[in-house]
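> Need coordinates for the following:
(chains A, B, C and D)
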Number of protein chains: 2
Amino acid sequence: MSDTLSTIGQMCEEFAVTPRTLRFYESKELLFPRREGSRRLFTRSDRARLKLILQGKRFGFSLEEIRQLLDLYDIGDQQRTQLARTYSVAQERLEAMRAQRDELDAAIADLEAKMADARDILKSRGVSIAA
Amino acid sequence: MSDTLSTIGQMCEEFAVTPRTLRFYESKELLFPRREGSRRLFTRSDRARLKLILQGKRFGFSLEEIRQLLDLYDIGDQQRTQLARTYSVAQERLEAMRAQRDELDAAIADLEAKMADARDILKSRGVSIAA
DNA sequence: GTGACAGTTTACGTTCGCGTCAAGTTAACG
DNA sequence: CGTTAACTTGACGCGAACGTAAACTGTCAC
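Residues are numbered from 1 along each chain as shown, chains lettered A, B, ... in the order given. Below is the predicted model:
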């Protein structure tokens, strides 16, 4: 049960990040590893949070935004307070994400059209396109 | 016809950016305003490019990546060289954008599920949710 | 001419998300 | 015992994308 505790090295391997990154996240209060003396021991909760942090980053959220969102995610596990407030924060984020997706869809369609044009031009020049 | 030329101030108002930003983009060769003495005059082409720059930024592309993409967009207008090369660059970008959209879709679904959970918790607590 | 603006260049400052030493500690191995 | 590996805490560095003074020019209204 307590074998879910990981050292920083194990965490780094598991999530493909550097120690610096994990220490940085702790300094920013995104992670809260326990201590065994001076050494960090990452819990199951830390792993769950880190997973979400890395996911959030891919969507272009700042660490600060992610920190706020993490409060929401914690609720499912541990019943924290201020759920209603963080819920509305998440709602705004969700709207932003949807808007971003819509823009992205439009941009993709746009780029596809431009590339079709480019293909025509290349074709008329007798230039073949690599797969 | 030439009334499409704008000063830096007009551009700033139109696109909600600062003069510093436009000068910075020019220094990075993203924009190529004409000069009237020392003053910049932004063309129709600059406005089209700026629009794409701001769009690209929202998708998380770096200014350098955007600069490369702009070459492609120019082609439709002005028939530049190296179309085949920029085409493959665009192809990679397109793939990245699709991947990003897929991740974003997944994240949206994820967040929606979490929020549904949160709603249940709030409901069980008798907390009403604002619209 | 004299503000008042809108614009210019130069250049240093800032935030974010870490990278990269530097120097020290602690645990285990042989 | 020495040393090797994994860890620790600073602290400075860096690229991106601008912000922000500072100091100057040019143009218009009055």
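> Counting neighbours, what do you get for A:G56?
22 (other Cβ atoms under 10 Å in any protein chain shown). For the C-beta atoms, the positions are set from N, CA and C on the backbone; glycine is no exception.
> Quick check: it touching A:R67?
No. Checked against Cβ atoms under 8 Å, the pair A:G56 and A:R67 is beyond contact range at 9.4 Å.
> Common neighbours of the two, please.
With contacts taken as Cβ atoms under 8 Å, 6 or more residues apart in numbering or on different chains, not a single residue reaches both A:G56 and A:R67.
> Downstream of the helix or strand bottoming out on mean pLDDT in chain A, the next helix or strand is which one?
None of the helices or strands of chain A scores lower by mean pLDDT, DSSP states H and E than helix A:63-78, at a mean of 75. Using DSSP states H and E, the next helix or strand after helix A:63-78 towards the C-terminus is helix A:83-124.
> and the closest residue to A:D105 other than its chain neighbours, how many neighbours does it have?
Distance criterion Cβ to Cβ, 6 or more residues apart in numbering or on different chains; nearest residue to A:D105, sequence neighbours excluded, is B:R101 at 6.6 Å. The number of residues packed near B:R101 is 18, by other Cβ under 10 Å.
> Contacts only, for B:R101.
A:101, A:104-105, A:108.
> And the pLDDT at it?
Note for B:R101: predicted pLDDT of 87.
> which ones are touching A:Y25?
Contacts for A:Y25 (Cβ under 8 Å, 6+ apart) come out as A:31, A:50, A:53, A:63.
> what's the farthest-apart pair in the residues you listed?
The span of the contacts of A:Y25, defined through Cβ to Cβ, is set by A:L50 and A:L63 at 12.0 Å.
> quick one: low-confidence ranges for chain A?
A:1-3, A:72-82, A:85, A:130-131 (pLDDT under 70).
> what residues does it put near DNA strand C?
Contact residues (Cβ under 7 Å from any atom of the strand) of chain A with DNA strand C: A:18, A:20-21, A:24, A:37-38, A:57, A:62-64.
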